[in-house]
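Undergrad: The following comprises the amino acid sequence and a computationally predicted model.
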Amino acid sequence: MPRYRILTWQVHGNYLYYLTQAPHDFYVLSKPDRPAGYGGRYGHLPWGDNVHDCPVEEARERRFDCVLFQAKSHYLEDQYQILSAAQRALPRIYLEHDPPQEHPTDTRHFVDDPGTLLVHVTRFNDLMWDSGRTPTCVIEHGVVVSENVAYSGELARGIVVVNHLARRGRRLGADVFEQVRECVSLDLVGMAAEEMGGIGEVRYPELIRFEARYRFFFNPIRYTSLGLAVCEAMMVGMPVVALATMEMATVIDNDVNGYTDTNVEQLIGVMQSLLHDAALARYLGKGARHYAEERFNIHRFINEWNRAFDHVCRL
């Protein structure tokens, strides 16, 4: 297939890193002070040679084949300040990372354009958004972890990975985390984790190696998209315990690759069992890895993105 030149923003760094495993050239918009969304080819991720920093003042001078939007403000406002009229008429994809944040079922998506492809990252998100006349497709996550990282579960503790959990509150399960921590040994990592007595941020790729020592991965989140951290944990062979909400309900098979429930007390009992039974944790971890290798493998992910890019660019 053709090698496309794709203009985009850095909104979710880890997702962009996995996406740029595709055989295309990605031009990532940047500003001098690297504000949110304009980090460019910056940061601690091991970007490939196909990822290029694109200062906003140079964008109009460059040729692109497709514009990939990933944030509401970039689509509704910033493109009119940054791009030429001809560039705004290029093939367009909007990558929606989240379910609706207003009303869960009756929120109309702000992309209202039959000429833009709206890509959802889970079928749950596609189900919940009212996408109107905008065509949609679902491309589920794809992740890759180093072959040198393997689950050991040597620490009889659980790990929770959520950024800014204190600030994001009930939706991300801050109260659930605190309830469970009363009964189960848990460590919280992520940006500003210290606000809730956590460890703090552990950067990728160190994060995967860091968490592989823990007995299990706990996801306290009530309502958001399926996190890459969950997929990565499963890929390395960690059992996952989580609330049975959102797409998570389709990912975890109880007593096979982890455990989900809407009863927090039931989840606490499962986590306590895992802390006392390392063999059970290893068994569930093997199931998690097998499942992740099938559903979240990077080759399937890249093939589906290749088809999406090819579809819009040929149109």
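TA: It's in.

Undergrad: Let me see the contact set for the residue nearest to residue 156 when sequence neighbours are not counted.
TA: Sequence neighbours aside, residue 275 is the residue nearest to residue 156 in space, at 5.0 Å (criterion: C-beta to C-beta, 6 or more residues apart in numbering). Placement of C-beta: from N, CA and C, glycine included. Neighbouring residues of residue 275 by C-beta atoms under 8 Å, 6 or more residues apart in numbering: 156, 157, 158, 184, 185, 215.

Undergrad: wait, which of the residues you listed is closest to residue 223?
TA: Using C-beta to C-beta, residue 158 comes nearest to residue 223 of these, at 21.0 Å.

Undergrad: would that closest one count as being in a helix?
TA: No. Using DSSP: H, G, I helix; E, B strand; the rest coil, the assignment for residue 158 is strand, not a helix.

Undergrad: Any idea what it is bridged to?
TA: residue 186, residue 216 (DSSP bridges).

Undergrad: can you give me the helices for this protein?
TA: Here the chain has its helices, by DSSP state H, at 13-19, 72-73, 79-82, 85-88, 123-128, 165-168, 174-181, 206-211, 228-236, 248-251, 264-276, 278-295, 298-314.

Undergrad: Kindly compare burial across those helices and name the winner.
TA: Stretch with highest mean neighbour count among the helices of the chain: helix 228-236 (a mean of 25; mean count of other C-beta atoms under 10 Å).

Undergrad: contacts for it?
TA: With C-beta under 8 Å, 6+ apart, helix 228-236 has contacts from 12, 14-15, 18, 141, 143-145, 149-151, 161, 207-208, 211-212, 217, 219, 240, 242, 248, 251, 257-258, 288-289, 291-293, 296.

Undergrad: In terms of secondary structure, what does the helix or strand of the chain with the lowest mean pLDDT contact?
TA: Least confident helix or strand, the chain: helix 206-211 with a mean of 94, by mean pLDDT, DSSP states H and E. Judged by 3 or more C-beta pairs under 8 Å, 6 or more residues apart in numbering; DSSP states H and E, helix 206-211 is in contact with strand 155-161, strand 186-189, helix 228-236.

Undergrad: ok, how many other residues are close to residue 95?
TA: Neighbours of residue 95 under the rule other C-beta atoms under 10 Å: 23.

Undergrad: Next, the contact list for it, please.
TA: Residue 95 neighbours (C-beta under 8 Å, 6+ apart): 68, 69, 70, 119, 121.

Undergrad: Give me the neighbour count for the closest residue to the first one other than its chain neighbours.
TA: Which is residue 68. In space, and not counting its chain neighbours, residue 68 is closest to residue 8: 4.0 Å by C-beta to C-beta, 6+ apart. Neighbourhood size, residue 8 [other C-beta under 10 Å]: 23.

Undergrad: Surely residue 8 and residue 70 touch.
TA: Yes. The criterion here is C-beta atoms under 8 Å, and residue 8 meets it with residue 70 at 6.6 Å.

Undergrad: And this protein, what are its domain boundaries?
TA: 5-142+298-314, 155-295 (automatic domain parsing).

Undergrad: And the pLDDT for residue 205?
TA: According to the prediction, residue 205 has pLDDT 75.

Undergrad: Check residue 146 too.
TA: So residue 146 comes in at 89 (pLDDT).

Undergrad: With residue 252 instead?
TA: At residue 252, pLDDT is 98.

Undergrad: Okay, it and residue 272: tell me how far apart.
TA: 18 Å (C-beta to C-beta, to the nearest Å).

Undergrad: residues contacting the residue nearest to residue 68?
TA: Contacts of residue 8 by C-beta under 8 Å, 6+ apart are 16, 26, 27, 28, 29, 67, 68, 69, 70.

Undergrad: right, and out of those, which lies closest to residue 301?
TA: residue 16 (12.8 Å).

Undergrad: Include distance to residue 227 and pLDDT when you put the contacts of residue 275 into JSON lines, please.
TA: Listed next are the contacts of residue 275 as JSON lines, based on distance: C-beta to C-beta, whole Å; pLDDT from 0 to 100:
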{"residue": "156", "distance to residue 227": "24", "pLDDT": "98"}
{"residue": "157", "distance to residue 227": "19", "pLDDT": "98"}
{"residue": "158", "distance to residue 227": "15", "pLDDT": "98"}
{"residue": "184", "distance to residue 227": "20", "pLDDT": "98"}
{"residue": "185", "distance to residue 227": "22", "pLDDT": "98"}
{"residue": "215", "distance to residue 227": "19", "pLDDT": "98"}
